[in-house]
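Chemist: quick one, what's the 3D model for this:
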Amino acid sequence: MDKIFVVGKGGVGKTTVTAALALKEERRTFAMSLDPLPNLCEVIGIRCSFEPVEYKGKYFAEIDYDKVRKLWIERFGEDLKEILDDLGIRGKEAEEVMEHVSTAPGVPEQFAMLFALEKAQELGAEVLYFDTPPLGPVLHMLKTEKIFYDHMTSATKVYGKIIVKLGLRGSKILKVIEKWREIADYVLKEIKDSKYVLVSTPERFPLKIALRGAEELEEFGIRHSMSFLNKSTGERICLKSPTYAIPFFKKDVYDEKQLFKLIDSIIRIC
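Modeler: Reported below is the predicted structural model:
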């Protein structure tokens, strides 16, 4: 399955490009917005939510981080309860710890990615498009995934020593940590085995952010697919080859008809 992140500065048209690519895609497609304030489905002119909605053979969904937190507790809460029980933490105190852990840095982002990957597999998707927040938060999210994996890798040694000190040799702590480490490893490998589509407008600042972000994405192992210069008024600016120009539209794109009009107007500039 191909995995494609559509990235760029906020307000440059990433959501519009994601919607256009997904609708034009000939393969079985799932597009999901990772933006905390999503409008992917609004751009297409449909209603959708956290669970994928089918539209003309394609699937669309928008992230809801509150639901991500609740799903994390449903899926991993029992694992955490076992650990807390071994440590003598039960009842209300255990519930408070679970709430805290479910919102810890890296946990919601990691589980959101896992949710999207698993949903795409359930749907039999051949390509998964990610409509992303602005580049800064995206780069932070990717770095957090790496930190989370590194933490889970080192946690086995650290908690192993604690278990010995506390006399908890029969504890399931290490098994649970290893299970979480394997999930973190899976998500990180899937991210690195993906591509990115770069989107910018012709202004200097969005271009600078786009190119700087592209460098960091490639350092992370994510490969370039294509670039789009949105709201072009004739500029011949090559971001990264191939770059396609999307002409400036006076009206916002908010339905499928306008999206296909936009697609038909795209030209390659390098």
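Chemist: what's around the closest residue in space to Thr144 that isn't next to it in sequence, how many residues?
Modeler: The shortest distance from Thr144 to any non-neighbouring residue, by CB to CB, 6 or more residues apart in numbering, is to Gly106 (4.4 Å). Where C-beta positions appear, they are placed from N, C-alpha and C, glycine not excepted. Gly106 has 18 neighbours, counted by other CB atoms under 10 Å.
Chemist: show me what contacts Gly106?
Modeler: Applying CB atoms under 8 Å, 6 or more residues apart in numbering, one finds that Gly106 lies in contact with Thr144, Glu145, Ile147, Phe148, His151.
Chemist: could you export these as CSV, including neighbour count and distance to Leu40?
Modeler: CSV is the format used below for these (neighbours: other CB atoms under 10 Å; distance: CB to CB, whole Å):
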residue, neighbour count, distance to Leu40
Thr144, 17, 22
Glu145, 21, 22
Ile147, 13, 28
Phe148, 22, 26
His151, 15, 31
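Chemist: which of those lies closest to Glu219?
Modeler: Glu145 (14.0 Å; CB to CB).
Chemist: ok, Tyr244 touching Cys270?
Modeler: No: with contact defined as CB atoms under 8 Å, Tyr244 does not reach Cys270; the gap is 9.1 Å.
Chemist: who has more neighbours, these two?
Modeler: It is Tyr244, of Tyr244 and Cys270, that has more neighbours when counted by other CB under 10 Å, with 18 against 14.
Chemist: the more buried one in helix, strand or coil?
Modeler: Three-state call for Tyr244 (DSSP: H, G, I helix; E, B strand; the rest coil): strand.
Chemist: so what's it up against?
Modeler: Met226, Ser227, Phe228, Leu229, Ile266, Ile267, Arg268, Ile269.
Chemist: work out the gap between stretch 236-255 and the centre of the chain.
Modeler: Remark: stretch 236-255 is offset 23 Å from the chain centroid, using CA atoms, centre = their mean, to the nearest Å.
Chemist: typo on my end, stretch 80-87
Modeler: Here stretch 80-87 is found 30 Å from its chain centre; the criterion is CA atoms, centre = their mean.
Chemist: which of the residues in it are buried?
Modeler: Within stretch 80-87, the residues scored as buried using 16 or more other CB atoms under 10 Å are Leu80, Lys81, Ile83, Leu84, Asp86.
Chemist: including distance to Ile73 and pLDDT, could those go into JSON lines?
Modeler: Putting the buried residues of stretch 80-87 into JSON lines (distance: CB to CB, whole Å; pLDDT from 0 to 100) gives the following:
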{"residue": "Leu80", "distance to Ile73": "8", "pLDDT": "85"}
{"residue": "Lys81", "distance to Ile73": "10", "pLDDT": "87"}
{"residue": "Ile83", "distance to Ile73": "14", "pLDDT": "79"}
{"residue": "Leu84", "distance to Ile73": "13", "pLDDT": "83"}
{"residue": "Asp86", "distance to Ile73": "19", "pLDDT": "75"}
